[in-house]
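**Q** Let me see the structure of the following:
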Amino acid sequence: MQRARGVSQQNDIGRAVAGVGDQLARVGFGLLKAADDDAAHQARVNAQLKLQQLELDLQTEDPISAMGTFAERSEAIIAKAGNGLSMNAQRSFDSAARELVARSQIAVQKDGIIRGRQKLEANLVSGISGTVNAIRYDDTDLDRQTREDNVREMIAGSVNNRVIAADEGARLFNSYLNDADSAQAKFDLAKNPNALEQDVQSTDKYKNLTGEQRAKFAKSARVEIEKREREIKTEQLAEDKETNRNVQAAVRVISSGAKLPEGAEPFLNPEFIKNKIHDKELRALLAKQVVDAKEFGNHVATLQTMSNEEVTELAKQYVDEGRNIADLDLASQDMAQATAIQRAERQILDDRLKDPAMAAMKSSDVVRKAYDDFRSDPTNVEAYQRLSGLRDAEYDRLGMPEINRKMFPDNFAENLANTLTKNMASDPEAVVKQLQNLRDVMGDDFNNLLSELTAKNLDDRVGTILLIDDPFTQDRLIGAIGSGNMAKLKEGIDTKGFNGALNVKMDELMNAAGSRGTAMAGTARKAVEILALDYMRNDETLDKALNKAYRDIVEKNYTVVALPNLRGIIPKSDIAEIDDSRIAKSLSSWTRRNPDIQYDRKQFSTLILETDTDEVAQEKINSLLSSGGTVWLIKKGGNSAELTDGSGQVVRDATGKPITANFDDEIKAHQKYVRGIFKGRGGG
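**A** Residues are numbered from 1 along each chain as shown. You can find the predicted model right below:
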């Protein structure tokens with residue numbers, strides 16, 4: 001019995017021990033499971049946090065590429081989070097991880113869709129905005145229509161792709177049209193506010209603007225218009241002021257007789273004034289002043305080419321205008337012009353009086369060229385004849401009195417006189433040769449040149465050598481001149497009464513000289529004086545010395561005519577004898593035989609009144625010429641003569657040509673005239 005209880009007891013203990021083992025096993029399994037669950041939980045939490053951070057990170061990436069990035073990075077996150085887990089924990093984590101990844105993937109997809117749509121919508125809005133920004137001030141209707149079509153197409157695509165709803169698309173399109181019209185209106189406001197003001201109120205050009213916008217643009221256009229008008233007015237006033245100052249300065253310069261400075265010519269251009277002056281009254285005033293100033297400037301510019309009479313008449317006209325102001329707008333410049341023209345008149349007339357040959361060259365380019373041609377070849381007879389003809393014709397045109405005319409400009413005469421005087425002491429033969437060449441070239445004009453040279457302090461003995469061709473007499477004169485000046489010649493001889501006797505001896509020659517022969521007669525007087533003194537130094541008496549000198553210088557070489565109406569000194573090389581009395585008698589009837597000849601009336605301006613008829617004027621001239629005082633001056637060659645008035649000025653016909661008479665023709669005409677008178681009186 002007891003043994004039986006013992007076995008049973010052992011069995012109970014075994015069962016008890018086995019139960020404890022099971023319990024411990026269950027506890028151990030529970031502990032392991034708890035540890036696995038905790039590890040799986042921690043891994044899941046870590047994975048969840050990483051996935052949430054990944055979701056946030058992917059929100060900044062492109063929605064399309066975000067899904068690929070999520071798949072790649074989520075796999076790495078799960079793998080890393082489950083690394084080191086037991087099999088049981090891994091199985092638990094994998095199940096949770098799939099749920100976490102799926103949930104995050106859905107979140108990323110939703111975010112991508114939202115952000116993709118937002119991006120597409122933003123792109124649409126940006127595209128519309130860019131289209132608005134592309135609007136330009138010079139857009140054509142085609143440009144505007146093309147942009148409108150592009151926007152319509154963009155919106156339609158977004159609606160079709162469900163990026164935006166249809167009503168939102170319509171709103172965006174209307175907004176674009178409004179923005180486009182607004183942008184165009186802003187350009188037009190800057191470009192042409194006047195047109196904008198009209199169009200925005202009365203046309204459908206800006207039909208997509210609201211009424212409020214139209215009103216604002218109309219107001220802005222009006223403000224801009226008024227602003228620009230004020231700015232333009234200010235600019236115009238400033239430009240008018242500046243232009244007026246420049247024009248007035250130019251007018252003053254011209255009215256003073258001066259030349260415009262370089263670059264000032266436009267200020268006297270009517271087109272310039274028309275374009276630059278905006279004030280109508282000022283424009284008209286300046287135009288009038290400029291026309292007057294330019295006319296004066298043109299007159300001043302041509303004064304050098306006008307005749308003395310024209311210069312004086314023009315000056316009188318401007319002086320009268322300056323004294324009798326007819327237009328107050330021109331008063332200042334009229335008075336300035338009067339002063340300037342008087343100054344110019346005095347200057348021109350003085351220049352012509354002081355240096356007439358230079359004045360003739362200033363007034364005529366043709367004369368200047370002829371002078372230059374002669375200077376380049378002073379032995380050319382044709383060159384001098386051309387110069388002489390052109391110069392004298394210019395003298396005639398300018399109205400220069402005969403007595404004031406010269407052969408050459410003062411500087412030419414002065415330089416030649418200085419050269420001849422200097423060379424006279426060292427080489428008188430060369431001087432004689434040079435002057436002989438000039439005499440051969442100039443002919444009758446040479447004596448006038450001698451007069452001009454004498455006025456320029458030429459040794460008055462120089463010309464004496466040229467009066468004669470006899471070599472013996474020339475040598476004697478050269479020897480006398482070479483011995484010293486006049487004081488030297490008079491040393492050692494009695495010259496009492498010499499000058500008086502010389503004057504008496506030369507009286508006929510001086511009377512015969514006339515206005516044109518004064519220089520030659522003076523030179524002949526000097527030659528006779530030198531030669532007479534030389535004879536007296538060789539023991540001749542005063543009377544004999546004067547007679548011999550006069551014979552050698554004058555009588556052997558010249559025929560002297562000194563009648564009341566006919567005068568001249570004729571070289572015997574031109575004509576041996578002349579019937580001067582018969583010629584003078586024939587010429588005495590010239591004016592009666594030629595009552596209808598037309599004269600240059602400018603020569604008789606002091607005689608003829610403006611109110612005189614042609615008949616009265618002609619009668620006055622004929623009466624003056626017939627009353628005496630006129631003299632016929634014998635020309636070179638001794639075959640003709642020119643008519644001069646009482647002052648010695650050559651009388652000219654209506655064409656400006658000197659009145660010339662051929663002696664043979666006049667003798668015949670006079671004989672015929674006398675026969676006619678005799679016959680008319682009943683003679684046989």
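**Q** Y371 touches L387, doesn't it?
**A** Yes - in terms of Cβ atoms under 8 Å, Y371 counts as a neighbour of L387; the distance is 5.7 Å. Quick note: C-beta positions are derived from backbone N, CA and C, even for glycine.
**Q** So which of those two has more stuff around it?
**A** L387 (27 against 24; other Cβ atoms under 10 Å).
**Q** any idea how far the more buried one lies from E394?
**A** L387 sits 10 Å away from E394, taking Cβ to Cβ, to the nearest Å as the criterion.
**Q** Now the common contact residues for these two.
**A** V367 (Cβ atoms under 8 Å, 6 or more residues apart in numbering).
**Q** Please identify the helix or strand for the residue most central in space within the chain.
**A** The residue lying closest to the centre of the chain (Cα atoms, centre = their mean) is G263, at 5.2 Å. For G263, there is no helix or strand it lies in under DSSP states H and E.
**Q** tell me the secondary structure for A326?
**A** The assignment at A326 comes out as coil when based on DSSP: H, G, I helix; E, B strand; the rest coil.
**Q** tally of neighbours for it?
**A** A326 has 9 nearby residues by other Cβ under 10 Å.
**Q** so how far is the helix or strand containing M536 off the chain centroid?
**A** According to DSSP H and E, M536 maps onto helix 518-537. The chain centroid and the centroid of helix 518-537 are separated by 61 Å under Cα atoms, centre = their mean, to the nearest Å.
**Q** what packs against the helix or strand following it?
**A** Scanning forward in sequence from helix 518-537 by DSSP H and E, the next helix or strand is helix 542-550. The helices and strands touching helix 542-550, judged by 3 or more Cβ pairs under 8 Å, 6 or more residues apart in numbering; DSSP states H and E, are helix 498-513, helix 518-537.
**Q** among those helices, which is nearest L467?
**A** Evaluated over the helices and strands packed on helix 542-550, closeness to L467 peaks at helix 518-537, with 5.3 Å, by Cβ to Cβ.
**Q** now for the closest one, which elements pack on it?
**A** Going by 3+ Cβ pairs under 8 Å, 6+ apart, helix 518-537 lies up against helix 445-455, helix 471-482, helix 486-490, helix 498-513, helix 542-550, strand 566-571.
**Q** Spit out the contact partners of L546.
**A** 501-502, 505, 528, 532.
**Q** Between those residues, which sits nearest N557?
**A** Relative to N557, and with distances defined as Cβ to Cβ, the nearest of these is V528, at 11.5 Å.
**Q** tally of neighbours for that closest one?
**A** Neighbours around V528, by other Cβ under 10 Å: 26.
**Q** check contacts around it.
**A** 502, 505-506, 546, 549-550, 553-554.
**Q** Would you reformat those residues as a markdown table and include distance to A654?
**A** Converted to a markdown table, the contacts of V528 look like this (distance: Cβ to Cβ, whole Å):
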| residue | distance to A654 |
| --- | --- |
| L502 | 45 |
| K505 | 43 |
| M506 | 39 |
| L546 | 48 |
| A549 | 47 |
| Y550 | 43 |
| I553 | 42 |
| V554 | 39 |
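**Q** Just name the closest of the residues you listed to T379, please.
**A** Nearest to T379 among the contacts of V528, with distances taken as Cβ to Cβ, is I553, at 26.9 Å.
**Q** And the closest one, how far from R26?
**A** 183 Å.
**Q** The two: who's more crowded?
**A** Shown here are I553 and R26; by other Cβ under 10 Å, I553 has more neighbours (27 against 10).
**Q** The residue nearest to L466 when sequence neighbours are not counted sits in which helix or strand?
**A** Closest residue to L466 apart from its sequence neighbours, by Cβ to Cβ, 6 or more residues apart in numbering: L435 at 5.2 Å. Using DSSP H and E, L435 maps to helix 428-442.
**Q** buried set for that helix?
**A** Neighbour counts over helix 428-442 (16 or more other Cβ atoms under 10 Å) mark 428, 431-432, 434-435, 438-439, 441-442 as buried.
**Q** which helices and strands does it pack with?
**A** By 3+ Cβ pairs under 8 Å, 6+ apart, helix 428-442 packs against helix 381-398, helix 410-426, helix 445-455, helix 471-482.
**Q** Serialize those helices to JSON lines and add fields for distance to N133 and mean pLDDT.
**A** Putting the helices and strands packed on helix 428-442 into JSON lines (distance: least, Cβ to Cβ, whole Å; pLDDT from 0 to 100) gives the following:
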{"stretch": "helix 381-398", "distance to N133": "80", "mean pLDDT": "93"}
{"stretch": "helix 410-426", "distance to N133": "81", "mean pLDDT": "87"}
{"stretch": "helix 445-455", "distance to N133": "91", "mean pLDDT": "81"}
{"stretch": "helix 471-482", "distance to N133": "107", "mean pLDDT": "80"}
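**Q** got the contact list for the residue nearest to L466?
**A** 420, 462-463, 465-466.
**Q** Closest one to E402 out of these, please.
**A** The closest of those, once distances to E402 are taken by Cβ to Cβ, is G463, at 21.1 Å.
**Q** Can you give me the separation between that closest one and L450?
**A** 4 Å.
**Q** returning to that earlier point: run the chain-centre distance for the helix holding L435.
**A** 49 Å.
**Q** Please work out the average pLDDT along it.
**A** Per-residue pLDDT values over helix 428-442 give a mean of 84.
**Q** Next, the angle helix 471-482 makes with it.
**A** 120 degrees (axes from the mean of the first three to the mean of the last three Cα atoms, to 10 degrees).
**Q** What segments of the protein are strands?
**A** 558-562, 566-571, 631-634, 640-644, 660-662 (DSSP state E).
**Q** Compare the ones you listed and report which one is nearest to N415.
**A** Across the strands of the chain, closest to N415 is strand 566-571 (Cβ to Cβ), at 28.4 Å.
**Q** which intervals of the stretch 51-200 of the chain have sub-threshold pLDDT?
**A** In the predicted model of the stretch 51-200 of the chain, residues 64, 67, 112-113, 116, 118, 121 satisfy pLDDT under 70.
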